[in-house]
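Asker: Show me how the following folds:
(chains A and B)
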2 protein chains.
Amino acid sequence: MLRCDLVVSADGGQWGEEQPSLMTGLRGICSLQIDVAGAAGDLHSGTYGGTIANPIHALARIIDSMHDAGGRVAVDGFYDGVRAPSQAERARISEIPYDESEYKRQIGVPELTGEEGYSTYERAWTRPTLEVNGIWGGFQEEGIKTVLPNRAHAKITCRLVPDQVPEEVVARVVRHVKTHVPRGVTVSIRPLDSRADPYSIPGDHPGNLAAGKVLQAVYGKSPYHVRMGGTIPVCGIFLKHLAVHTVIFAFGLKDENIHAPDEFFRLSSFERGKRAYGLLLKTLVVQQK
Amino acid sequence: MLRCDLVVSADGGQWGEEQPSLMTGLRGICSLQIDVAGAAGDLHSGTYGGTIANPIHALARIIDSMHDAGGRVAVDGFYDGVRAPSQAERARISEIPYDESEYKRQIGVPELTGEEGYSTYERAWTRPTLEVNGIWGGFQEEGIKTVLPNRAHAKITCRLVPDQVPEEVVARVVRHVKTHVPRGVTVSIRPLDSRADPYSIPGDHPGNLAAGKVLQAVYGKSPYHVRMGGTIPVCGIFLKHLAVHTVIFAFGLKDENIHAPDEFFRLSSFERGKRAYGLLLKTLVVQQK
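Answerer: Alright, predicted model coming up:
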């Protein structure tokens, strides 16, 4: 019943109001939680401090062991299966105008960091990451409490690129943690629910060729070839179960507060998208014949 | 008006119900908070992950830099001024019966850790510590949120031993943190309110000699010479402003849930303490004459 030649997704966006883009990849994801346990209960840091392990120190050591000084993920085998972007794709990415001070200004960071040997867009689109999304343990309120805490926790997600497999990455992170448990604590690590395969579609896939033609017609400009650092899990699911690619054909723009309060969508994008979808269907039908 | 020869403190305790102890030292304390800042707000870990620093990773790196693999505090100058316990004191400590498996069982830890070259009691009483009492940043609830957090925080206290000075230790930790700031984040570090000088009183101080004689009479056993890992700030204040030592002459026991719910005090200790205090005053008055 679901048999088809192509899926078209309206989830995604364009590069800018006057600049179209074709999407050639999305990162996948996997997620884990680390729980570090020390004593049976919180202890007085005067009475016991210096004689037993502090789970927060242990967790800090585990987390710090996961990246090297150059910004690479230091989990053994983490990069196994990562498909390097082709020279052609890197050339395409380098053609996209990039203003580093503007990028920094928009998000309010003093400096960009990341894996050496890659540009900012290459880092965000073609390289996998391991990020701690949350950490907690011990006393967090105003002032001071001289507690030697007995628990510390962290949540982690990895963004994955073709051809990493979420379950394999989870297994490698688990193995890394298990071989980096500091003395005096016990550590449990378990996968969380969030998982999605990374996804890619060739820039010259017939669906992308049709989409590119339409974008050229509607914007009067040829589209950038970009990937997205985020994840649309269903693309990988369609590819696996229907054996078809999904063309991301979407008109959201970067400043529209996606997934955030006051999200909006421009009426002009709505008009343009309507026209573009009509043209895309026409183009695909012609190709079909 | 406050001029005196000696102060006697009822804050403290005895080693056991049938085993008296003389207190010869208390650790001091200083406290700090570290705040790490990245971007202006929390960011989508897919869109930006891999291109900017994660404040939690940065904080983990800073915390991990504060201890070496052998359990020593790795802050430059941290041990400056630390007075090594005398051979006589170490010998006294080694005479105290110590059952490691019982110590572990009571607090529920799989293993003891700490600075190499020192026994458990030496670590708790004669060596300074640096402990993270609390840490937090990013998402802490059930499940997963793919946030790249923009803030991470930690609270730290150091337990200090004679002759460390709290303000100097704070200055050294501040300097350590400032010279260990990872790229891409800004770090602020500030002292918190909790501070107290370490305190010591010789085992053969006239006040301790008197107290020891009384304990011998009341318990029929000669007291262990012990220090306490915790802090009684007023002892250092009396020593500084009145130029007199404080004899810790107290009858609390270790299992009485000190500072915790269901704290209690044995009636038998009350009776014994009453008798002991009478004898102590008598002994001191005789000495005075």
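
Asker: Would you agree A:Thr120 is in contact with A:Asp99?
Answerer: No: here A:Thr120 does not reach A:Asp99: they are 10.3 Å apart, not a contact under CB atoms under 8 Å. Yep, even glycine has a C-beta here, placed from its N, CA and C like the rest.

Asker: Which one's more surrounded, those two?
Answerer: A:Thr120 (18 against 9; other CB atoms under 10 Å in any protein chain shown).

Asker: ok, and the closest non-adjacent residue to that one?
Answerer: For A:Thr120, ignoring the flanking residues on the chain, the nearest one in space by CB to CB, 6 or more residues apart in numbering or on different chains is B:Thr51 at 5.1 Å.

Asker: List the contacts of the lengthiest helix in chain A.
Answerer: Here the longest helix in chain A is taken by residue count, with DSSP state H as the criterion, and it is helix A:267-288. Judged by CB atoms under 8 Å, 6 or more residues apart in numbering or on different chains, the contacts made with helix A:267-288 from elsewhere in the structure are A:5-6, A:8, A:10, A:14, A:17, A:206-207, A:210-211, A:213-215, A:217-218, A:249-253.

Asker: Which of the residues you listed fall in helices?
Answerer: Among the contacts of helix A:267-288, the subset assigned to helices under DSSP H consists of A:206-207, A:210-211, A:213-215, A:217-218.

Asker: Now, of these, which are buried?
Answerer: When these are checked for burial by 16 or more other CB atoms under 10 Å in any protein chain shown, the buried set is A:207, A:210-211, A:213-215, A:218.

Asker: need these in CSV with distance to B:Trp125 and pLDDT, can you?
Answerer: Rendered in CSV, the data for these read as follows (distance: CB to CB, whole Å; pLDDT from 0 to 100):
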residue, distance to B:Trp125, pLDDT
A:Gly207, 73, 96
A:Ala210, 77, 97
A:Ala211, 73, 97
A:Lys213, 79, 97
A:Val214, 77, 98
A:Leu215, 73, 98
A:Val218, 77, 97
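
Asker: give me the low-pLDDT residue ranges for chain A?
Answerer: Regions of chain A meeting the criterion pLDDT under 70 cover residues A:288-289.

Asker: residue ranges of the helices in it, please?
Answerer: When secondary structure is read from DSSP H, chain A shows helices at A:45-48, A:55-64, A:87-94, A:100-107, A:120-126, A:166-178, A:206-219, A:233-241, A:267-288.

Asker: for those helices, which one ends up most surrounded?
Answerer: Between the helices of chain A, the one whose residues have the most neighbours on average, counting mean count of other CB atoms under 10 Å in any protein chain shown, is helix A:55-64 (a mean of 26).

Asker: Give me the contacts around that helix.
Answerer: In this structure, residues lying in contact with helix A:55-64 by CB under 8 Å, 6+ apart are A:34, A:36-38, A:132, A:135, A:137-138, A:149-154, A:177, A:180-182, A:184-185, A:187, B:56-57, B:59-61, B:63-64, B:66-67, B:131-132, B:134-135, B:154.

Asker: so A:Gly229 makes contact with B:Ile52?
Answerer: No: counting by CB under 8 Å, no contact exists between A:Gly229 and B:Ile52, whose distance comes to 11.7 Å.

Asker: Please say which of these two ends up with more neighbours.
Answerer: Taking neighbours as other CB under 10 Å, A:Gly229 and B:Ile52 compare with B:Ile52 leading, 28 against 25.

Asker: Filter the contacts of helix A:55-64 down to just the ones in strands.
Answerer: In this view, those that belong to strands under DSSP state E are A:34, A:36-37, A:132, A:135, A:137-138, A:151-154, A:187, B:131-132, B:134-135, B:154.

Asker: Next one: the residue of chain A most remote from its centre relative to chain B, how far apart?
Answerer: Relative to the C-alpha centroid of chain A, counting by CA atoms, centre = their mean, A:Thr47 is the outermost residue, at 44.5 Å. Taking CB to the nearest CB, to the nearest Å as the measure, A:Thr47 falls 5 Å from chain B.

Asker: which residues does that residue contact?
Answerer: When the contact criterion is CB under 8 Å, 6+ apart, the partners of A:Thr47 are B:124, B:228-230.

Asker: Likewise for A:Ser94?
Answerer: Taking CB under 8 Å, 6+ apart as the criterion, A:Ser94 is in contact with A:Ser119.

Asker: do the one 4 residues further on as well
Answerer: For A:Tyr98, the contacting residues are A:119-121, taking CB under 8 Å, 6+ apart as the criterion.

Asker: A:Ala84 now?
Answerer: With contact set as CB under 8 Å, 6+ apart, A:Ala84 has these partners: A:Thr126.

Asker: how close does it sit to A:Ser119?
Answerer: From A:Ala84 over to A:Ser119 the distance is 14 Å, taken as CB to CB, to the nearest Å.

Asker: next one: A:Lys240
Answerer: 31 Å.

Asker: How about the residues of the stretch 151-289 of chain A by chain B?
Answerer: Within reach of chain B by CB under 8 Å from any CB of the partner chain, the stretch 151-289 of chain A has these residues: A:152-155, A:157, A:159, A:183-186, A:192-194, A:228-231, A:259.

Asker: Is it possible to mark the buried ones in those?
Answerer: Counted by 16+ other CB under 10 Å, these give A:152-155, A:157, A:159, A:184-185, A:192, A:194, A:228-231 as buried.
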